[in-house]
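>>> I would like to see how this sequence folds:
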Amino acid sequence: MHSVHLKLDNIWHNYGPLESCNWTLKSVDLELFRGELLGLLGPSGCGKTTLLRLIAGFEQPSKGFITLDNQLISSSSKLLPPERRGVGMVFQDYALFPHLDVWKNVCFGLSRNCDKSRVIWILELLGLADLRYRYPHELSGGQRQRLALARSLAPGPSLVVLDEPFCSLDVQVRLRLRNELASVLKTCSASAILVTHDPQEAVAICDRVAVLRNGEIHQCSTPSELIHRPATPFVGSFVLSRNIVPARYKDGLLLTPIGNINVHEYENCQYTSELMVDERSLQLIDEDLKNAVVIGREYFGNHWIIRIKLDNLILRVWHPIDKQIEVGTKCSIGFKTGANGTCYPGANNLTFA
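Numbering: from 1, shown residues only. Purely as a prediction, here's the structure:
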């Protein structure tokens, strides 16, 4: 079993006075295991970067405790300075020194007489050894990102935190670098926390993912658990792009804006308030009453995902690539027989008859 490297215990934070109650983070409990790459995933403004700044020591919690290797580093009454934490940080904008070349950027902050063999090794590991005398403006975006990572790893930190490090890169460079990140961290024996708003990125490379919304953690699980057992409708919607439909139980039926579902044979549906379905569980149906409209479509190689507005709902529906459908088309929508859905609260699975 992996040992706990970093622990956040009942963390609360706001940027104003305590009595304002405008909490950026609310009762966050989180553990990072040694050698693990943990993703912090959520929409803009959910508290991801604030959580990272608390870990790095740039912010202080209003309530709660943060321990690193069982040593208290942050509380409402104690704040160990960032430079004494042994935590490397990679910023979203790289934060490189434009007047220093690659070598001097990586060595910045190291003592003048320290052994520089680790710096040489890091530069070789990240493919920057031949660029050591170039300045940041002479590097590509991917090379600058590697340089920022090299500088954070040079002092030999046990923990590295990365704030959306790939967001400004083009698609191909972003894919290549994020796939290399885990192996680089493992080679350097570092644990890491990666902030991202991209579910595909988090699920692809992280050992576990913590999903945040409005300062609260909805679920912290392995990618497989997130995909197969989303704990809340928000996790299903944000991580998996599932449709969330309001539902109400009455006399053995779930009543929804899309249609009614027979749930006589299922238990624990009486308290259902929301139904989660994927894009393949819905279909366009041939009805005279066309109460929905196509408002957008996305191309996925061998199929379309069309976006449909039904009353106040925006739904995603799988559609064959060889069947054209134009934005603005009026349509009707229904559940597919034999498809699956999940009822909340309770995360109970059911099959549509």
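
>>> so where's the stretch 1-150 of the chain uncertain?
Of all residues in the stretch 1-150 of the chain, those with pLDDT under 70 make up the ranges 1, 18-20.

>>> Can you list the buried residues in the longest helix anywhere in the chain?
Longest helix of the chain, by residue count under DSSP state H: helix 171-187. Judged by neighbour count using 16 or more other Cβ atoms under 10 Å, the buried positions of helix 171-187 are 173-174, 177-178, 180-182, 184-185. Heads up, the C-betas are built off the backbone N, CA and C, glycines and all.

>>> same question, stretch 107-122
For stretch 107-122, a neighbour-count test (16+ other Cβ under 10 Å) marks 107, 110, 118-119, 122 as buried.

>>> sorry, back to before: which outside residues touch the longest helix of the chain?
Under the contact criterion Cβ atoms under 8 Å, 6 or more residues apart in numbering, helix 171-187 has outside partners 35, 37, 125-126, 140-142, 145-146, 149, 153, 160, 162, 165-166, 169, 191-192, 194, 201, 204-205.

>>> now do 10 Å
Helix 171-187 is contacted from outside by 35-37, 90, 121-122, 125-127, 140-143, 145-146, 149-150, 153, 160, 162, 165-169, 190-192, 194, 196, 198, 200-202, 204-207, using Cβ atoms under 10 Å, 6 or more residues apart in numbering.

>>> Any of those residues buried? List them.
For the contacts of helix 171-187, buried by 16+ other Cβ under 10 Å: 35-37, 90, 122, 125-126, 142-143, 145-146, 149-150, 153, 160, 162, 165-166, 169, 190-192, 194, 196, 201-202, 205-207.

>>> Return the subset of those residues lying in strands.
Cross-referencing the buried ones among the contacts of helix 171-187 against strands under DSSP state E gives 37, 90, 160, 162, 191-192, 194, 196.

>>> what's the lowest-pLDDT member of these?
Ranked by pLDDT, these bottom out at V90, which scores 89.

>>> That residue contacts L153, doesn't it?
Yes. V90 lies in contact with L153 (Cβ atoms under 10 Å); the separation is 9.1 Å.

>>> Which neighbours do the two have in common?
With Cβ under 10 Å, 6+ apart, V90 and L153 have common neighbours 160, 192.

>>> looking at this, L52 is in a helix?
Yes. The assignment for L52 by DSSP: H, G, I helix; E, B strand; the rest coil puts it in a helix.

>>> shouldn't it be in contact with L40?
Yes. Proximity of L52 to L40 meets the contact threshold set by Cβ under 10 Å, at 7.0 Å.

>>> got any residues that touch both of these two?
Common contact partners of L52 and L40 (Cβ under 10 Å, 6+ apart): 161-164, 193-195.

>>> of those, closest to N291?
Nearest to N291 among the shared contacts of L52 and L40 is E164, at 39.9 Å by Cβ to Cβ.

>>> what's the pLDDT at the closest one?
89.

>>> next one: the one 5 residues further on
At L169, the pLDDT value in this model is 80.

>>> Could you report the separation of it from R146?
Per Cβ to Cβ, to the nearest Å, L169 is found 11 Å from R146.

>>> Can I get the buried residues of stretch 107-122 in a markdown table including secondary structure and distance to I333?
As requested, the buried residues of stretch 107-122 are exported to a markdown table (DSSP: H, G, I helix; E, B strand; the rest coil; distance: Cβ to Cβ, whole Å):
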| residue | secondary structure | distance to I333 |
| --- | --- | --- |
| C107 | helix | 60 |
| L110 | coil | 61 |
| R118 | helix | 59 |
| V119 | helix | 59 |
| I122 | helix | 54 |
